[in-house]
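[1] Sequence first, predicted model second:
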Amino acid sequence: MSDHSQYEELAALAAGGYLSDEELHDFQTHAASCAQCRDHVAQFGELVHFGLPLVQSQLRRRISMFTSRPNPGATQRFLKRASAEGIQFSPDVQKPKPSRGFQFSFAAAAGVLAAVLVAFLYGGRLPGHPPLPGDKQNATQAQQQLQQLTRQNSNLEATVSRMERALAEQHHETEGLRAQLATQTVAATSARHDNQLALSAAAQSASTNAQSLEQAEARQKALEKQLADASTELARLNQGRASDQAELVAQQVQVNELSQQLKTATANIDMERQLATAGKDVRDLMGARQLHVVDVRDTDPNGKAGKAFGRVFLTEGKSLIFYAFDLTDAKKINAKQTFQVWGQQEGKTSSLRSLGFLYVDDKTQRRWALKTEDQAAVKEIDSVFVTVEPEGGAKTPSSQRLLYAYLGEANHP
Amino acid sequence: MNPGSRSKLGSPQPNLAALKLLTDDQLMIQLRAGVNDALAVLFERYHRLVFSIALKIVRDRSEAEDVTQNVFLEIYSSVAQFDPTRGTLKVWLLQYAYHRAFNWKGYLNRRNFYNQEDIEELDPAFHDEFFTAGRYAPGELQRLMQQGLASLGASQKRVIELANYEGLSMKEIADTTGDSLSNVRHHYYRGLQKLRSFITQPRVAVKY
């Protein structure tokens, strides 16, 4: 706290009269030369003296009034002092207002006095007691005194009556205040009870919430741990998977390479086999002594031979090789049909026999072929032809001849 | 004015029973007109309230009665300054009661912190000079004080209430609340400081 703010605090305390002698002296010395602090005292003083009194609660004020009653006779003492200072009041105001007890005792005393006087007056006339000289005059005076006392008694009774009414009003007001206080107390007790219940419920709820929170936090930690473990495992698996994938790719590359090598080797082997077969055929053909080389021609519906579509190599009594070209383009057979090759002696139907089926010998050249080494069959036939038959072949030709060749005499040395 | 004469208003002076039926404002009018019995009625009506406030502050029944008498004598002497449009007589009396009780308490007056002129400047009868007066409509200052008090922290509000409404010293408040004396003094200062700021801060005028 800075020095001057300390003086501002002293100003606030000074406004309420809460400074010690030393503090007050210190502050007075400072304020003598500090207009700001003098203003502070004035402003704080206004708050304390005139602002805060405006907001004191009615209940607090009434309770304070109820518990802080002035000493008896306060009104009379005030009227006496006011009169001493020159303020004049009417006799009604200045009339002493004795306490209720005093009024009762005074009235009782007056009553007793009146009774004594009555007894005295009537007693003077009792038989056996002759009136004394001057009794008549005394009786008259006593009568007058009695009348005066009676009037005073009436006045006192009226005063008592007024005081009793005033007292009743005060009592009523007090009862009202007590009832109000009781109501406020009940309300405050009820409110306090409600607040305690609410506080208890809130505390219970807070405790439950705290437990739930702790449990939730524990679950969360467990789940986080599981998640971390799973993440680690996943990372490890991913790493292994990547490694496996790399290995797989390498293996795939190797397989591809091996497949390619195998394919190449297979192709080479096939080629070599074909070459070997073809070479053998060629060698056999080149070495044959009775070789017929006959072109095969298509025949139109009139039996007229067309352009050559194949060639037959016949080695007498040994083998027959039938090459045909462009069969599918010309005849357009479907997948469930086949080209069946037949052989016979020309003009002798009983010699007809099936030599087999044409197969694709070379796709690039669209070449078909039939090879047979049925020596018995080769010996008996002198012509060949082709028909389109169902898949699996037929026992006798069921369609028109497509290709026909008469083998005739050997025409190749 | 002599009893039984006519008042300054020219009408016959009402008797005590009739005065008791009048309102506060009407009694002040009568008092201003020279009907001194009205002061007696006002005293009878409010001296318990003033006494209870004074007793809270001065802590002595005899001194509290002196303060009470002083308040009503000052009401009598400054009756011309009473303006019912600025507030009720009850509020005026309350302010007088607090002011005179605090002054009696003496830390400002008896030790000559203020000279007599300063005291007069703080007198409610001259409340046009107050920094809070004249800024607000009647009742608005009371509303602002209520709002300002409600805006205080719990400790500050409790210290101010115990000091002003229960008349406890700072030491007694510290004993009551269990707080340290220095903290109690600081709460009191900070509370008043906040109240002052709340009251004096600029506001847009609102009519009710």
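    Structure's in. What do you need?
[2] Am I right that residue A:159 falls within a helix?
    Yes: counting by DSSP: H, G, I helix; E, B strand; the rest coil, residue A:159 is located in a helix.
[3] what helix or strand does the residue nearest to residue A:67 when sequence neighbours are not counted sit in?
    Spatial nearest neighbour of residue A:67, excluding adjacent residues (CB to CB, 6 or more residues apart in numbering or on different chains): residue B:52 at 7.7 Å. Quick note: C-beta positions are derived from backbone N, CA and C, even for glycine. Counting by DSSP states H and E, the element that carries residue B:52 is helix B:37-58.
[4] which other helices and strands contact that helix?
    helix A:58-67, helix A:74-84, helix A:91-94, helix B:16-19, helix B:24-32, helix B:61-77, helix B:89-105 (3 or more CB pairs under 8 Å, 6 or more residues apart in numbering or on different chains; DSSP states H and E).
[5] Give the buried residues for that helix.
    By neighbour count, with 16 or more other CB atoms under 10 Å in any protein chain shown as the criterion, the buried positions of helix B:37-58 are B:37-44, B:46-58.
[6] Can you report how many residues lie near residue 73?
    All of this refers to chain A. Residue A:73 is surrounded by 14 other residues when neighbours are defined as other CB atoms under 10 Å in any protein chain shown.
[7] Can you look at chain B instead?
    As a burial measure, residue B:73 scores 17 neighbours (other CB under 10 Å).
[8] quick one, what contacts the closest residue to residue A:374 other than its chain neighbours?
    Nearest residue to residue A:374 in three dimensions, chain neighbours excluded: residue A:355, at 7.4 Å (CB to CB, 6+ apart). Shown in contact with residue A:355 (CB atoms under 8 Å, 6 or more residues apart in numbering or on different chains): A:320, A:322, A:341, A:342, A:343, A:370, A:372, A:374, A:377, A:381, A:384.
[9] Which members of those are positioned in strands?
    Members of those lying in strands (criterion: DSSP state E): A:320, A:322, A:341, A:342, A:343, A:370, A:372, A:384.
[10] Tell me what the second one is bridged to.
    Which is residue A:322. Partner residues in beta bridges with residue A:322, using DSSP bridges, are residue A:312, residue A:370.
[11] what sits against it?
    With contacts defined as CB under 8 Å, 6+ apart, residue A:322 is in contact with A:296, A:310, A:312, A:341, A:355, A:358, A:369, A:370, A:371, A:384.
[12] Read off the pLDDT value for it.
    Looking at residue A:322, its pLDDT reads 89.
[13] about what we covered before: with the contacts of residue A:355 in mind, which one is nearest to chain B?
    In terms of CB to the nearest CB, no member of the contacts of residue A:355 lies closer to chain B than residue A:370, at 117.7 Å.
[14] Out of the helices and strands packed on helix B:37-58, which gets nearest to residue A:192?
    Put simply, out of the helices and strands packed on helix B:37-58 the one that sits nearest residue A:192 is helix A:58-67, at 15.6 Å, with distance taken as CB to CB.
[15] Show me what the mean pLDDT comes to for that closest one.
    The predicted model gives helix A:58-67 an average pLDDT of 69.
[16] again with stretch A:222-240
    91.
[17] Then stretch A:399-413?
    Across stretch A:399-413, the average pLDDT comes to 74.
[18] what do you get for stretch A:290-301?
    What stretch A:290-301 shows for mean pLDDT is 74.
[19] Contact partners for the nearest residue to residue B:190 once chain neighbours are set aside?
    What sits nearest to residue B:190 in space, not counting adjacent residues and going by CB to CB, 6+ apart, is residue B:156, at 5.6 Å. Applying CB under 8 Å, 6+ apart, we find residue B:156 in contact with B:187, B:188, B:190, B:191, B:194.
[20] Now for the third one, how many residues are close by?
    Residue B:190 sits with 18 neighbouring residues when counted by other CB under 10 Å.
[21] Work out for me the element it sits within.
    Secondary structure assignment for residue B:190, by DSSP H and E: helix B:181-200.
[22] helices or strands next to that helix in the packing?
    Judged by 3+ CB pairs under 8 Å, 6+ apart, the packing partners of helix B:181-200 are helix A:3-16, helix A:35-46, helix B:140-150, helix B:154-164, helix B:170-177.
[23] which stretch among these comes nearest residue A:240?
    Of these, nearest to residue A:240 by CB to CB is helix B:154-164, at 65.7 Å.
[24] TSV for the helices and strands packed on helix B:37-58, including distance to residue A:39?
    Formatted as TSV, the entries for the helices and strands packed on helix B:37-58 read as follows, by distance: least, CB to CB, whole Å:
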stretch	distance to residue A:39
helix A:58-67	31
helix A:74-84	37
helix A:91-94	45
helix B:16-19	43
helix B:24-32	33
helix B:61-77	25
helix B:89-105	18
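[25] Out of those helices, the one nearest residue A:232 is which?
    Where those are weighed against each other on CB to CB, the nearest is helix A:58-67, at 69.9 Å.
[26] thinking again about what came up before, residues in contact with the helix holding residue B:190: which ones?
    Contacts of helix B:181-200 (CB under 8 Å, 6+ apart): A:8-9, A:12-13, A:15-16, A:18, A:43-44, A:47-48, A:51, B:131-132, B:141, B:144-145, B:147-149, B:151-153, B:155-160, B:163, B:170-171, B:173-174, B:177, B:179.
[27] how about a cut-off of 6 Å?
    The contact list for helix B:181-200 (CB atoms under 6 Å, 6 or more residues apart in numbering or on different chains) reads A:9, A:12, A:43-44, A:47, B:132, B:144, B:148, B:152, B:155-156, B:159-160, B:170, B:173-174.
[28] Would you mind checking the average pLDDT for it?
    Over the span of helix B:181-200, the pLDDT mean works out to 92.
[29] go on, stretch A:252-272?
    Across stretch A:252-272, pLDDT averages out at 83.
[30] just stretch A:180-191 next, same as before
    77.
[31] hey, C-alpha coordinates of the helix holding residue B:52 in PDB?
    Backbone C-alpha positions of helix B:37-58 (Å, rounded to 0.1, in the frame of the first residue of the first chain) are rendered in PDB as follows:
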ATOM      1  CA  ASP B  37     -46.700  21.100  20.900                       C
ATOM      2  CA  ALA B  38     -46.000  19.500  17.500                       C
ATOM      3  CA  LEU B  39     -42.400  19.000  18.700                       C
ATOM      4  CA  ALA B  40     -43.700  17.100  21.700                       C
ATOM      5  CA  VAL B  41     -45.800  14.900  19.400                       C
ATOM      6  CA  LEU B  42     -42.900  14.200  17.100                       C
ATOM      7  CA  PHE B  43     -40.700  13.400  20.100                       C
ATOM      8  CA  GLU B  44     -43.300  11.000  21.400                       C
ATOM      9  CA  ARG B  45     -43.600   9.500  18.000                       C
ATOM     10  CA  TYR B  46     -39.900   9.000  17.200                       C
ATOM     11  CA  HIS B  47     -37.700   9.400  20.200                       C
ATOM     12  CA  ARG B  48     -37.500   5.600  20.600                       C
ATOM     13  CA  LEU B  49     -36.100   5.300  17.100                       C
ATOM     14  CA  VAL B  50     -33.600   8.000  17.600                       C
ATOM     15  CA  PHE B  51     -32.600   6.700  21.000                       C
ATOM     16  CA  SER B  52     -32.000   3.200  19.600                       C
ATOM     17  CA  ILE B  53     -29.700   4.500  16.900                       C
ATOM     18  CA  ALA B  54     -27.800   6.700  19.300                       C
ATOM     19  CA  LEU B  55     -27.500   3.900  21.900                       C
ATOM     20  CA  LYS B  56     -26.000   1.600  19.200                       C
ATOM     21  CA  ILE B  57     -23.300   4.200  18.500                       C
ATOM     22  CA  VAL B  58     -22.500   5.900  21.800                       C
END
